[in-house]
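In: Need a 3D model of the sequence below.
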Amino acid sequence: IEIGSWIGLAAMTRSEITIKDVSWENLGLIPNVFRKLGITLEKRGDDIYIPAHTDGYQVKTDIDGSILTISDAPWPGFTPDLLSIVLVVATQCKGDVLIHQKMFESRLFFVDKLIDMGAKIILCDPHRAVVIGHDFKSRLKATTMSSPDIRAGISLLIAALSANGTSTIQNIEQIDRGYERIDERLRAIGAKIVRA
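Out: Numbers count the residues shown, from 1 in each chain. The predicted model follows:
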């Protein structure tokens, strides 16, 4: 889950990053789902190299031209804990994506905060959201928000790091529960982040 979070962070901030010692054989569908969003991932030994996506990333549509659907499933399917990251990453893709949260209730209700930041998201019902990608033509804008849980919290943090302006995220204990020393680690790779 943490590896998927770093992939999403790199894509949204258009940053070049290498994620070390990822245990490729245990990543399951995670790399392929991000590739469907148009994100380039290179296997370098047991590391993942993600180049800076300075020209953005293009969603891979199905052969019949239908909208890309990303849904969760029990392992070895795509983990539900990364759907919120994929949803945030989709806000800046070239193309549209349907996110279908099949396994849990109420995990998509954080999208109102992303809409406040300028994302184009249609919440169809408690389990499905259509994301209309901005292709970085319109950046997300900073806001003050609260982290409802670990998954939504890290997604909002990624959105804030990619947005114009300074955002404030409250209730950060939720993020701390899943990501040890996240602020220190982000500062180490250049993020401007302060714990208040």
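
In: Could you grab the helix/strand/coil label for the residue most central in space within the chain?
Out: Against the mean C-alpha coordinate of the chain, by C-alpha atoms, centre = their mean, the closest residue is I85 at 2.6 Å. With DSSP: H, G, I helix; E, B strand; the rest coil as the basis, I85 sits in helix.

In: which residue sits closest to it, ignoring its sequence neighbours?
Out: In this structure, I85 finds its nearest non-sequential neighbour in G8, 4.1 Å apart by C-beta to C-beta, 6 or more residues apart in numbering. For the C-beta atoms, the positions are set from N, CA and C on the backbone; glycine is no exception.

In: Now do that neighbour: how many residues are near it, please.
Out: Using other C-beta atoms under 10 Å, G8 has 27 other residues around it.

In: ok but it is inside a strand, no?
Out: No: G8 is assigned helix when assessed by three-state DSSP, not a strand.

In: per-residue pLDDT, the residue nearest to the centre of the chain?
Out: On pLDDT, I85 comes in at 97.

In: Who are the contact partners of it?
Out: Taking C-beta atoms under 8 Å, 6 or more residues apart in numbering, we find I85 in contact with 4-5, 7-8, 151, 154-155, 158.

In: List the first helix or strand encountered after the lowest-mean-pLDDT helix or strand in the chain toward the C-terminus.
Out: When each helix and strand of the chain is scored by mean pLDDT, DSSP states H and E, helix 173-178 comes last, with a mean of 92. Per DSSP states H and E, the first helix or strand lying C-terminal to helix 173-178 is helix 182-188.

In: For that following helix, name the packing helices and strands.
Out: Judged by 3 or more C-beta pairs under 8 Å, 6 or more residues apart in numbering; DSSP states H and E, helix 182-188 is in contact with helix 150-162.

In: Report back the residue of the chain that's furthest from centre.
Out: Here the chain reaches farthest from its C-alpha mean at D64, the gap being 26.0 Å by C-alpha atoms, centre = their mean.

In: Would you double-check that that residue falls in a helix?
Out: No: per three-state DSSP, D64 lies outside any helix segment and is coil.

In: For G65, see how far away the residue nearest to the centre of the chain is.
Out: From I85 over to G65 the distance is 26 Å, taken as C-beta to C-beta, to the nearest Å.

In: before we move on, back to that, for the least confident helix or strand of the chain, buried residues please.
Out: Neighbour counts over helix 173-178 (16 or more other C-beta atoms under 10 Å) mark 174-175, 178 as buried.

In: so where's the protein shaky on pLDDT?
Out: Counting by pLDDT under 70, the chain contains no low-confidence residues.

In: circling back: let me have the buried residues of helix 173-178 in a markdown table, adding distance to L186 as columns.
Out: Formatted as a markdown table, the buried residues of helix 173-178 follow (distance: C-beta to C-beta, whole Å):
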| residue | distance to L186 |
| --- | --- |
| Q174 | 16 |
| I175 | 11 |
| G178 | 14 |
